[in-house]
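In: okay, sequence plus prediction incoming.
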Amino acid sequence: MTTPSGIQRDDSNAHPLNVPLAPIRPRQAGRLGDVVVTHLVDRIVSGEYAVGTGLPIEQVLCDEFGVSRTVVRESIKLLEEKGLVRATRGRGTLVLPERGWNLLDPLVLEARIRHDRELSILDDLVNVRAALECDMAAQAARTISAGQSAELTAQRLVLAAQLGDPVRYAAEDVIFHDLIMQASGNRLGHAIIHSIHSKARLSSRYNGTPTLQELRESLAEHQRIEELILSGDADGAAAQMRAHILKSWARRRPAIMGAQAGQTI
């Protein structure tokens, strides 16, 4: 289902990052290389294959995944492109330090969130969101059209109608923010936020379990953001957007740590 601006509504309640990867089934449907890469990325990010150590030799991987040497070699090349490993003659394929990993790669980011025991990657993600979205809120305040203004107001009313349904509220919340990013005209910033936020939302540790009071606080913050944007207050919109994103995470994070300490979802 889409909004008038073409934003896709997400009606899924599933959180696939809440559980470990499914067991390997040799010759399972889909591209064999995708299966190999997904599992190897997960093992590297989880620390099962530690930094500085080598991956199993080709034949071992061929036997485990039920694939040819060609598939394994292509998979290793993809891992190199993601910054996870380096293949060298005589030394095999070595796992590289995390500082070189491409965290914007979907598979790497998913695995990093899945194994984020201290929630550090989610903290970083929230800070990136706050930095980019506050700038886009300011730009939206300068450039938003009459039609976009009307759609933003309509979406805030939709959001208000979902206070009794946290899952639905979260989905409509995403659309509200998307409308602001669209109004800003910052396509690259919008794409970056969409990429990282869509992965974070697959984790229940990111979403939390907000109470009705917390949703009311969130709605009031959204209304204030809307008012500032529609009044053309760029500085105010930026400050309110940043505060809202950081406060929203602060409301969810303590409960997440208390209820799910030690989990790796």
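Out: Nice, I can see it.

In: with adjacent residues omitted, what lies nearest to Arg253?
Out: Nearest non-adjacent residue to Arg253, counting by CB to CB, 6 or more residues apart in numbering: Leu119, 6.8 Å away. From N, CA and C alone the C-beta is placed, and that goes for glycine too.

In: let me know the secondary structure of the closest residue to Val128 other than its chain neighbours.
Out: Setting aside the residues directly before and after it, Val128 is nearest to Ile196 in space (CB to CB, 6+ apart), at 6.6 Å. Three-state call for Ile196 (DSSP: H, G, I helix; E, B strand; the rest coil): helix.

In: ok, Ile196 to Tyr206 distance?
Out: Counting by CB to CB, to the nearest Å, the separation of Ile196 from Tyr206 is 11 Å.

In: the two: who's more crowded?
Out: Tyr206 (25 against 22; other CB atoms under 10 Å).

In: mind jotting down where the strands sit in the stretch 101-250 of the chain?
Out: Using DSSP state E, counting those that start in this stretch, no strands are assigned anywhere in the stretch 101-250 of the chain.

In: by mean pLDDT, flag the weakest helix or strand of this structure.
Out: helix 234-260 (a mean of 84; mean pLDDT, DSSP states H and E).

In: next, count neighbours for Gly100.
Out: Residues lying near Gly100 (other CB under 10 Å) number 11.

In: tell me the contacts of it?
Out: Neighbouring residues of Gly100 by CB atoms under 8 Å, 6 or more residues apart in numbering: Gly83.

In: outline the domain layout of this protein.
Out: Split into domains by automatic domain parsing, the chain comes to 31-106, 118-260.

In: in a markdown table: those, plus distance to Arg112.
Out: Shown next, in a markdown table, are these (distance: least, CB to CB, whole Å):
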| stretch | distance to Arg112 |
| --- | --- |
| domain 31-106 | 6 |
| domain 118-260 | 5 |
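
In: circling back to that earlier point, what pLDDT is listed against the residue nearest to Val128?
Out: For Ile196, the model assigns a pLDDT of 94.

In: and Arg89, by the same measure?
Out: The per-residue pLDDT reported for Arg89 equals 82.

In: likewise for Ala200?
Out: On the pLDDT scale, Ala200 is placed at 93.

In: follow-up on the earlier one: mind checking how far the residue nearest to Val128 is from Gly208?
Out: For Ile196 relative to Gly208 (CB to CB), the value is 17 Å.

In: Ala161 now?
Out: In this view, Ala161 and Gly208 are 21 Å apart by CB to CB.

In: so for the two, which sits in the more crowded spot?
Out: Gly208 (21 against 12).

In: how about the nearest residue to the more buried one, chain neighbours excluded?
Out: Nearest to Gly208 is Arg252, by CB to CB, 6+ apart, at 3.3 Å.

In: wait, that neighbour touches Pro210, no?
Out: Yes. Checked against CB atoms under 8 Å, the pair Arg252 and Pro210 is within contact range at 6.6 Å.
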